[in-house]
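> Dropping the sequence and predicted coords here.
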Amino acid sequence: MSASSDPLAVLRRELRAWLAAHRPADWREAATHEAFVASQRAWFARLVEAGYAIPHWPAEWPGGGRSLAEQKVIYEELARADAPRLLLSFVSTYHAFATLHECGSAEQQARYLPGILRGETWCQGFSEPGAGSDLAAVRTRAERQGDVYVVNGQKVWSTMAQYADRCLLLARTSSEGAKQAGLTYFLMDMKAPGVTVRPIHQIQGDEEFAEIFLDNVAIPVSERVGAEGDGWAVAQATLSSERGLTLMELGYRMRGALDRIADLILAGGRADDAGVLRDFGALGAQVDAVCALADQFLESRMAGTEQVGDASIVKNAYSRALRAYAALGVRLGGIDAQYMAPITYGDLNSGNWMADFMNSYAWTIAGGSEEVQRNIIAERMLGMPREPKGWTLA
Amino acid sequence: MSASSDPLAVLRRELRAWLAAHRPADWREAATHEAFVASQRAWFARLVEAGYAIPHWPAEWPGGGRSLAEQKVIYEELARADAPRLLLSFVSTYHAFATLHECGSAEQQARYLPGILRGETWCQGFSEPGAGSDLAAVRTRAERQGDVYVVNGQKVWSTMAQYADRCLLLARTSSEGAKQAGLTYFLMDMKAPGVTVRPIHQIQGDEEFAEIFLDNVAIPVSERVGAEGDGWAVAQATLSSERGLTLMELGYRMRGALDRIADLILAGGRADDAGVLRDFGALGAQVDAVCALADQFLESRMAGTEQVGDASIVKNAYSRALRAYAALGVRLGGIDAQYMAPITYGDLNSGNWMADFMNSYAWTIAGGSEEVQRNIIAERMLGMPREPKGWTLA
Amino acid sequence: MTIARDELRDATRKTLGEAGLMPDAGQSWQLLAELGWFGLAAPEADGGLGLGAEAVAAVHIELGRALVPGAAIAQMTAIAVLCAAPDLPDRDARIAAAIAGERVALSLDPADATGLLGLVDADLAREVLLVAPDRIALAPIEQATGRPAWDLSRRLFDGTAGPATVIATGEAARAIHDLATRRLLLALSADAVGGAEAALDMAVDYLKTRRQFDRPLALFQALKHRVADLKIAVAAAEALLWSRAGDEASLVQLGALKALATTTYCRVAEEAVQLHGGIGLTREHPCHLFLKRAFLNAALGGDADHWTERAARAALAPPSTADR
Amino acid sequence: MTIARDELRDATRKTLGEAGLMPDAGQSWQLLAELGWFGLAAPEADGGLGLGAEAVAAVHIELGRALVPGAAIAQMTAIAVLCAAPDLPDRDARIAAAIAGERVALSLDPADATGLLGLVDADLAREVLLVAPDRIALAPIEQATGRPAWDLSRRLFDGTAGPATVIATGEAARAIHDLATRRLLLALSADAVGGAEAALDMAVDYLKTRRQFDRPLALFQALKHRVADLKIAVAAAEALLWSRAGDEASLVQLGALKALATTTYCRVAEEAVQLHGGIGLTREHPCHLFLKRAFLNAALGGDADHWTERAARAALAPPSTADR
């Protein structure tokens, strides 16, 4: 197949041309989180219109029905063009979509999916102050009272919940039996009475996450996904909705951003400092290895040969490279890097080195900490024994 | 007190003069382990004669009755003069002495202590193939039959047991109750029928350790130390006999051997390689920190303010610095370091870089592995909870 | 000296202890002035306590532990300079005022040739010391422009100065520059050791309290071993600090100490945030304060790259020409 | 190509597998010759299998896994040189003989300007290839003096050679030198990835079997996490290997790969010995064989210092003058 007729090459060419014309050049200039969110909304709307926003949705949706190979091309090109990442719409188009598509009723799908394309945003209400990596420990209570569930509790680390219209909520409907069996899954209106959202002030100055306080929030029974007690299973659908594309995109972006380190070396007059050169050269190989891992992971998904633990490897390899990238920047930046500078929303490799360094924790802690990933790799990939269930302390 | 009349300064001056005259210059030239052992015997005899071999023994012994501060001076000067380490006589003068002195009967003391000064050597029979860091798991059986115990089992990692006259043996006399309670301590003649010793071929070519096979070895009841079942307590006396002096001495020797790295840098034409320089500079500080830790540890022992865990910190800090030292040498040595060269017995910083690298495991694994030391530090120093006893798998 | 060291640490900790982490800047400054600790190492003849460099280290460990804001490092270094300067006008009055807490600014920025960048609390100082290898001068501060650092416990400024009064030149200037750099390195090292200790303590306490999967995190062996390694690193840094805290340590020895101590602090603070998990990423929790101070300390006064390289060059050079 | 890669790996592993770790050198050499694998990447027109660099990598992974002794890396590199040389006398016969297992020595020593140091099994070879950037030559070996390395799986020799026949000069020599270096780097990288995998597998198996404190070591979380980190490192090295195993990877890309792969191998082998505890320190247990091969691999063909520095220089240079 020649390059001109290969559908992937066609897609790539078309998207590249489209991005050259439509990619917002000024997205890094948002001075506030609100301005960043506004630019995210505009960018999402533009991508929906052009048919690049939801390549993973079924073909009946405009822009949907793309193969994983095509999705890969789209994210490669978004990274290559240094277009804004799709952060605000991420939970909506991946988590909410997958949950509704796989576990939602026909009515729920009809009610919510079109809204996502119109820009309605969702957040995820899973983590709690007492249940970080241990989701089964969710304590937010949902009590059935007639046609509604009345919900009380607190959620935390919910990405951009302060801007969300709706929430994918995991709550406990029973304390009997296995912890997982007492969970139920809801679609919650963020404007419902009793819902309070408080942005989390992060250490680098971002407000990407929020806490959600639930005080006698009434959720109609019709907003329950699956049966009562099915929450754990539905949550698995949510969590497995996106696997690999993001890390590939982020790896590619980090590779592109190695130029920032190069600039720093040249600006600092260290182009003949053998030690700095070696560390930079080794980092380049480390970043390339992350990209290669992410590519390989996507290939194995396309081929259906993905193994348990593969995703954990990619995630930890990425997060460690990201930390090393930022640490080298901090080191080379010297005293200049210690003076505070306005942060760039939505960029993990912004060249604001201390901010990038602190931002990198989002990948070593959030979404299943490094420590949890190591357990998965050791136990489920290398077959090292799990600690017996009895090894708990009351 | 002036430098000339301070007893420590006097000791230092006298010893330094004596070492200048008597230190064997050729001890690194031993081509075989046997030749090394012969040079060790000669060196020990000379030190005994001069009164520097057993500074930690009571004052009634010639050369004994030295304070810890004096002992420190002696080992500092031995290191400074690059005199041979006291390896062959170490178990005899520390472990055997402490065991006999603290737990042995008057008759046992009279029978064995003078022999140590005449050059009789002892080995330690604690570790077993199935009980490395877990001493309570000793399985070698000693069965009382009239006036003797008949012993069967296997010991391993016994330092220079192939040259030893006697052995400090820990064996199981009962399988009832707590594991520790079933252990009994013996003084064993290595020439007794049924004792077979096989040197362990180490990966760098040394034979510093041996296995001991015990096949119906008869040990007279009079050679038991303490009562039956007291073995665990007696073993603690053995193990706590030397704390700190060796690591101080080794730290000082490593500091002196930093010159070997400097030579390598100069010989390799890398005196302006900023990366190599930084790694060398950082290593120098790391080694100095180990020396400072060891000094501080000895001071705290003199002051009676030693804390549990302190020894573990010094040991791990030393072993990591030793590994880093050898690793930098291997790296700078390049291909030359990969060609095999005859090893130098008794030298951890020989400049035979691959040999030194492999030798450094003796400090990360032997004498309580790094991993065990980390547990001690976390649990007994930082107060992190120990795993409950019930957390065992049959 | 060990007794004095421990007593000073205890006294400082008790005095600061009640105010908690990152206490009020003005109050803690006043407290230090009242205790006479800015003059800890100044000669008794100059109104100081004459206790030497080790005492300086002891106090800075505790200031680092408590993340005490302000310019104490610059102030104590400046007082050492003032006491050593041969041509200081109004000598006694100036030194007495500085010991009493009148601020004298002094640049902590290693890349600054003007002496006017990286000044802590310069808006509260009337004068700045300009410390160059060949010339020590004192100048009035005309303007101080705030330039916030990530470290929230140090308010940094760029300054402009009026006409300078030279207070030392030639060999005397060189000796004073050396002394100032050595004191600065020692103080930064001590601050790093204290901060690393406190960050580690905080992480250990958190692990003991926080539960996941039905047990305290402190029971997870993987975390225990990481914490043990951090403990070893902090203990090594502290031991090296005391071994070089005497006045006889050379510039490169103190530089290598500073490299090791601040690298250790960065490592401990980085791990402390990770061990805290999500809560460590929120501004409400103080853990990040250590992280930010650790990295600023690493950059101030010359970084690890600079000092480890110099230490190696000194070790390679024949003794006669060695970098002091 | 992925299919061929996996098939080749399986086939190699099955063929070698029965002989266990570090099989007999002569027998495994014969086996490789019989399978035609020395000619894996040689053009079909030259009697090779025409499979390209990726196939070379696949086979060397397995040779590394099994610690196969001998000169396979040098041989396959030498055959690539022979096939590319414009002025090779008796071209077809020589290439056919080399593919059939007739040894052609080739230096693996990066510091060697003569081409006569670091020759594997040179006592069994009649000729040596002298590969310099501006001149490729073939010479008879007159003497081969054994110079044992710590790595027990490679017999290294210093050689002396008779009169050399030049087989390429100028631009052709440069291209061949580049090709030979790239193949060598790829083969060493693959050997490292295979060895790291095997050393890690060995350590994991040991931890599952060995018991201390009444449970298998594999249950200790601190060890689990270390092993998981090693697994991540090995997976990353392998992924980078495949991404650069095509014939189009540049010299510095392969050099940076070699740096990463051999550094990973050294790290895994070092940890594998530690995880084995005492038994890992005995010559009877094979764990140390990985350690020694890992370190020799790291030194052969240019070390990590050399290649990471070159990779960085290439990245910093404007594209037109970039180091290829």
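Yes, it's here.
> Enumerate every residue touching the closest residue to C:A58 other than its chain neighbours.
Residue nearest to C:A58 in three dimensions, not counting chain neighbours: C:L8, with 4.1 Å by CB to CB, 6 or more residues apart in numbering or on different chains. All C-beta spots, glycine's among them, are computed from the backbone N, C-alpha and C. The neighbourhood of C:L8, defined by CB atoms under 8 Å, 6 or more residues apart in numbering or on different chains, consists of C:L40, C:L51, C:A55, C:A58, C:V59, C:E62.
> Local confidence estimate at C:L8?
Reported pLDDT at C:L8 in the predicted model: 88.
> And the next helix or strand past the helix or strand A:L168 falls within?
Per DSSP states H and E, A:L168 falls inside strand A:166-172. Next helix or strand after strand A:166-172 toward the C-terminus (DSSP H and E): strand A:183-189.
> burial measure for the residue lying closest to C:T145 once chain neighbours are set aside, as a count.
The shortest distance from C:T145 to any residue other than its chain neighbours is 5.0 Å, reached at C:D158 (CB to CB, 6+ apart). Neighbourhood size, C:D158 [other CB atoms under 10 Å in any protein chain shown]: 19.
> Just give the strands next to the host helix or strand of C:D158 in its sheet, each with its orientation.
Using DSSP H and E, the element containing C:D158 is strand C:156-161. Using DSSP bridges, the strands paired with strand C:156-161 are strand C:119-120 (antiparallel), strand C:135-146 (antiparallel).
> Name the residues that touch it?
A:339, C:105, C:116-123, C:128, C:130, C:139-149.
> Show me the one of the strands paired with strand C:156-161 that comes nearest D:A259.
Closest to D:A259 of the strands paired with strand C:156-161 is strand C:119-120 (CB to CB; 42.3 Å).
> Now do the next helix or strand after the closest one, average pLDDT.
Toward the C-terminal end, the helix or strand that comes next after strand C:119-120 (DSSP H and E) is strand C:127-132. For strand C:127-132, mean pLDDT rounds to 97.
> Could you tell me the angle between the direction of strand C:127-132 and that of strand C:156-161?
Inter-element angle recorded for strand C:127-132 and strand C:156-161: 90 degrees (by axes from the mean of the first three to the mean of the last three CA atoms, to 10 degrees).
> Could you give me the buried positions within strand C:127-132?
Neighbour-count burial for strand C:127-132, with 16 or more other CB atoms under 10 Å in any protein chain shown as criterion, is recorded at C:E127, C:V128, C:L129, C:L130, C:V131.
> What pairs with that strand, parallel or antiparallel?
In the sheet, strand C:127-132 lines up against strand C:104-106 (parallel), strand C:135-146 (antiparallel) (DSSP bridges).
> highest average neighbour count across those strands?
strand C:104-106 (a mean of 27; mean count of other CB atoms under 10 Å in any protein chain shown).
> which residues of the stretch 201-324 of chain C fall in helices?
Secondary structure of the stretch 201-324 of chain C by DSSP state H, counting those that start in this stretch: the helices cover C:221-243, C:251-276, C:287-299, C:304-316.
> helices or strands next to the first one in the packing?
Where contact means 3 or more CB pairs under 8 Å, 6 or more residues apart in numbering or on different chains; DSSP states H and E, helix C:221-243 is packed against helix A:370-376, helix B:274-303, helix B:310-333, helix B:370-376, helix C:53-65, helix C:170-209, helix C:251-276, helix D:221-243.
> thinking again about what came up before, so which of the contacts of C:L8 is the closest to chain B?
Among the contacts of C:L8, C:A58 lies closest to chain B (CB to the nearest CB), at 15.0 Å.
> if I pick the closest one, what's in contact with it?
Counting by CB under 8 Å, 6+ apart, C:A58 has contacts C:A4, C:R5, C:D6, C:L8, C:R9, C:T12, C:A190.
> Of the residues you listed, which belong to helices?
Members of the contacts of C:A58 lying in helices (criterion: DSSP state H): C:A4, C:R5, C:D6, C:L8, C:R9, C:T12, C:A190.
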